[in-house]
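**Q** Pasting the sequence and the predicted model now:
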Amino acid sequence: MQHLPRLLLAGLSGGSGKTLVSLGLCRAWARNGLSVAPFKKGPDYIDAAWLSLAAGRPATNLDTFLMEPDVVRALFAERMRTAEVGVVEGNRGLFDGLDEHGSLSSAELARLLLAPVVLVLDATKMTRTTAAIIKGINNFEEGTRLAAVILNRTAGERHRTVLRRSIETHTQVPIAGFLPKISDTPIPERHMGLWSAREMDAAAVLDPVADLLQEWCDLDMLRRTAEGAPSLAESSTPLWPESHGGEPVRIGVVRDDALWFYYPENLEALERAGAELVFLSILDDEPWPDIHGLYMGGGFPETLAERIRDCQTPATTCTGCAKPGCLSTRNAAASSTFAAPWNTAASHTPCPACSPWRPRSPSGPRAWAMCTPRRCATIPTTPWGPVCAATNSITPSAPARRTSIRMHSACGCTRARASPVPGRRPVPASRVP
């Protein structure tokens, strides 16, 4: 068993203030000398980047959609080895998930990690009703431990007094703090969430937020809450892929101020599988080295459109990578392109679906391959698990959101989409819209 002090911060919905509290708590504890391991319930890139800066160490995404429960626990335990306390920021409302049963919700993650839940509750224009909400949440789902509540956007001392009396009278949940209304939002938002830390002075944002938490919240109580989390059983689940041991594969990863949406665990998994990662930029005209594949994450390229337009070398190189023989996938969160020297018969193998030949990557981690004669999609086995070959007449495309199952237009069968995430599991077809 492992004693891993931890807590999960959740809200009733997006915009409740849980990110503000998570950032302030990580920053305040780190300033006080604690080693804080930050986590974000995935999928998320922006909040995770802010959490990394607040805690002074990389944040980890705990994505219960892409990873099996044992892998989530193993990843959490590994990242906690060098930390004194773990702070997990949930997403959306505490019980909001994929369906009416709350699948993949923050509450499910809290139960998986046996983590005490601290609820951040927006108390705007509410008094006694907050007690009813807290009581309902505390009794809604068995196994979810509501350990404390933080009241956000309180109007004044009288408001806070009535809130305290109401909650203490009608519930047994302790109050860890009252946050006042603040005139200016520390981090502005846009259509995909918060502004990124690359667009702002992070220290100028995080230190005042930490000061706010230090003044208005009981950090010692929150520390005791984290220390009181039950021990976790050790996991024997293999976390990382083994090195393939073949010919080295060099993968270019575009990571700069324009494109930076990556799970660090994906990059680490590629390296552990034997890939050599070369970090590139589309914001300067420096020539790129020879690479076997190109991995382009998402980001906010529209904010740097003029700089990207003025850099011709990356555009020319990317155009070359996109010629026949490789496949690009793109969505709002990420895009990736893998290329390989597929210009000789020696680098082709028979396609079981429709054609005598299909391109293949020479070794190592591989993504989609394109069958040249009839343009069907096939996915070879990856270091993260086998996937089935496609059949006929389908033009591959990235789904509108992060899913792992797509329907074949020709035959109606399903296949899992390759994803360099350790422990990725297939998703039942019933979950696909």
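**A** Happy to help now that I have it. Numbering: from 1, shown residues only.
**Q** Asn138: what secondary structure?
**A** Of the three states, Asn138 takes helix under DSSP: H, G, I helix; E, B strand; the rest coil.
**Q** Excluding residues flanking it in the chain, which one is nearest it?
**A** Leu146 (4.5 Å; C-beta to C-beta, 6 or more residues apart in numbering). Where C-beta positions appear, they are placed from N, C-alpha and C, glycine not excepted.
**Q** Need the per-residue pLDDT for that neighbour.
**A** We have a pLDDT of 96 for Leu146.
**Q** backbone phi and psi for it, please?
**A** Per-residue torsions, Leu146: phi -90, psi 110 (degrees, to the nearest 10).
**Q** what about it, neighbour count?
**A** For Leu146, the neighbour count with other C-beta atoms under 10 Å is 23.
**Q** Now for it: which residues touch it?
**A** 117, 119, 134, 137-138, 173 (C-beta atoms under 8 Å, 6 or more residues apart in numbering).
**Q** give me the beta-bridge partners of it?
**A** Val117 (DSSP bridges).
**Q** now stretch 265-278: mean pLDDT?
**A** So the average pLDDT for stretch 265-278 ends up being 90.
**Q** ok but Ala37 is inside a strand, no?
**A** Yes - looking at Ala37 with three-state DSSP, it is inside a strand.
**Q** In terms of helices and strands, where is Arg153?
**A** strand 146-154 (DSSP states H and E).
**Q** Tell me how far that strand lies from the chain's centre.
**A** Centre-to-centre, strand 146-154 and its host chain are 25 Å apart (C-alpha atoms, centre = their mean, to the nearest Å).
**Q** Quick check: next helix or strand after it?
**A** Next element after strand 146-154 (DSSP H and E): helix 157-170.
**Q** That next one: which residues count as buried?
**A** Buried residues in helix 157-170, counting neighbours by 16 or more other C-beta atoms under 10 Å, are found at 159-160, 162-163, 166-167.
**Q** which one among those residues gets closest to Glu306?
**A** Taking C-beta to C-beta as the measure, Glu306 lies nearest His159 of the buried residues of helix 157-170, at 47.8 Å.
**Q** Is that closest one in contact with Arg128, as I believe?
**A** No - taking C-beta atoms under 8 Å as the definition, His159 is not a contact partner of Arg128, at 11.7 Å.
**Q** Could you measure from Pro116 over to Pro186?
**A** Here Pro116 is placed at a distance of 26 Å from Pro186 (C-beta to C-beta, to the nearest Å).
**Q** and these two? which has more neighbours close in?
**A** Neighbour count, other C-beta under 10 Å: between Pro116 and Pro186, Pro116 has more, with 22 against 17.
**Q** who touches the closest residue to the more buried one other than its chain neighbours in this structure?
**A** In space, and not counting its chain neighbours, Pro116 is closest to Ala147: 3.5 Å by C-beta to C-beta, 6+ apart. Neighbouring residues of Ala147 by C-beta under 8 Å, 6+ apart: 7, 116-118, 173-174, 225, 228.
**Q** Quick check on the residues you listed: which are buried?
**A** The buried subset of these - by 16+ other C-beta under 10 Å - is 7, 116-118, 173, 225.
**Q** what's the farthest-apart pair in the residues you listed?
**A** Leu7 and Val173 (13.7 Å).
**Q** hang on, the earlier thing: any chance of the contacts of Ala147 in JSON lines, plus distance to Gly102 and pLDDT?
**A** Listed next are these as JSON lines, based on distance: C-beta to C-beta, whole Å; pLDDT from 0 to 100:
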{"residue": "Leu7", "distance to Gly102": "20", "pLDDT": "97"}
{"residue": "Pro116", "distance to Gly102": "18", "pLDDT": "97"}
{"residue": "Val117", "distance to Gly102": "13", "pLDDT": "98"}
{"residue": "Val118", "distance to Gly102": "19", "pLDDT": "98"}
{"residue": "Val173", "distance to Gly102": "20", "pLDDT": "97"}
{"residue": "Pro174", "distance to Gly102": "25", "pLDDT": "97"}
{"residue": "Thr225", "distance to Gly102": "23", "pLDDT": "97"}
{"residue": "Gly228", "distance to Gly102": "25", "pLDDT": "96"}
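**Q** Could you export these as JSON lines, including distance to Thr60?
**A** Formatted as JSON lines, the contacts of Ala147 follow (distance: C-beta to C-beta, whole Å):
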{"residue": "Leu7", "distance to Thr60": "15"}
{"residue": "Pro116", "distance to Thr60": "19"}
{"residue": "Val117", "distance to Thr60": "19"}
{"residue": "Val118", "distance to Thr60": "19"}
{"residue": "Val173", "distance to Thr60": "28"}
{"residue": "Pro174", "distance to Thr60": "28"}
{"residue": "Thr225", "distance to Thr60": "21"}
{"residue": "Gly228", "distance to Thr60": "22"}
